[in-house]
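**Q** I need the structure of the sequence given here:
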Amino acid sequence: MDAILEEDGKIAITSFKIKENNIFLNEAGVFARGAFIEIIAQSFAAIDTYQKQRDKGKPSKGFLVGVRDFKIYRDALAGDELICKLEKTDEVSGLNICRAEIFKNTEKLAEGELRIFEIPF
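**A** Alright, predicted model coming up:
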């Protein structure tokens with residue numbers, strides 16, 4: 001995750017450029033499909049940390065505990081700039097549920113739901 005582009009408390013947009021030396025690239029320069037989940041998880045962590053610092057909240061550790069309805073439509077390649085649109089849909093007793101979509105330009109590459117459990121430091 002390179003930058004937070006937008007954030008309004010519930011919905012956020014982040015960007016991520018796939019650099020040539022990214023560990024999730026294969027020899028042909030194709031980004032590993034499982035790494036889309038990592039982009040979403042890192043985007044959630046960055047947004048959550050930003051919001052807590054802004055609102056003077058307590059920091060926490062987050063643990064990815066579930067992935068649901070995850071679909072991958074297209075591969076990403078070295079050099080691509082990806083946009084992650086993330087919406088926090090629910091939070092119950094430290095369990096955060098978020099829906100996200102990953103785009104290259106206007107083309108949707110992946111989408112799904114992540115469940116992230118947070119424990120305050």
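
**Q** C-alpha from now on. contacts and neighbour counts both.
**A** Fine.

**Q** Shouldn't residue 56 be within a strand?
**A** No: with DSSP: H, G, I helix; E, B strand; the rest coil as the criterion, residue 56 is assigned coil and is not in a strand.

**Q** how long is stretch 69-86 end to end?
**A** Terminal residues of stretch 69-86 are spaced 15 Å apart (CA to CA, to the nearest Å).

**Q** Buried residues, that stretch. List them.
**A** Within stretch 69-86, the residues scored as buried using 16 or more other CA atoms under 10 Å are 76, 77, 78, 81, 82, 83, 84, 85, 86.

**Q** I'd like to know which of these is nearest to residue 9.
**A** residue 86 (10.9 Å; CA to CA).

**Q** Can you give me the neighbour number for residue 94?
**A** By other CA atoms under 10 Å, the residues close to residue 94 number 13.

**Q** what pLDDT does it get?
**A** On pLDDT, residue 94 comes in at 94.

**Q** swap in the one 4 residues further on?
**A** According to the predicted model, the pLDDT of residue 98 comes to 97.

**Q** Which positions are bridged to it in the beta structure?
**A** Residue 98 has these beta-bridge partners by DSSP bridges: residue 88, residue 114.

**Q** which residue is nearest the middle of the chain?
**A** residue 40 (1.5 Å; CA atoms, centre = their mean).

**Q** Make sure that one is indeed in a helix.
**A** Yes: when classified by three-state DSSP, residue 40 is found to be part of a helix.

**Q** who are the neighbours in contact with residue 66?
**A** By CA atoms under 8 Å, 6 or more residues apart in numbering, the residues touching residue 66 are 114, 115, 116.

**Q** Just to check, the last one is in contact with residue 97?
**A** Spelled out, it's residue 116. Yes: contact criterion CA atoms under 8 Å: residue 116 and residue 97 qualify, at 6.5 Å.

**Q** Before I go, just wanted to say thanks for your time.
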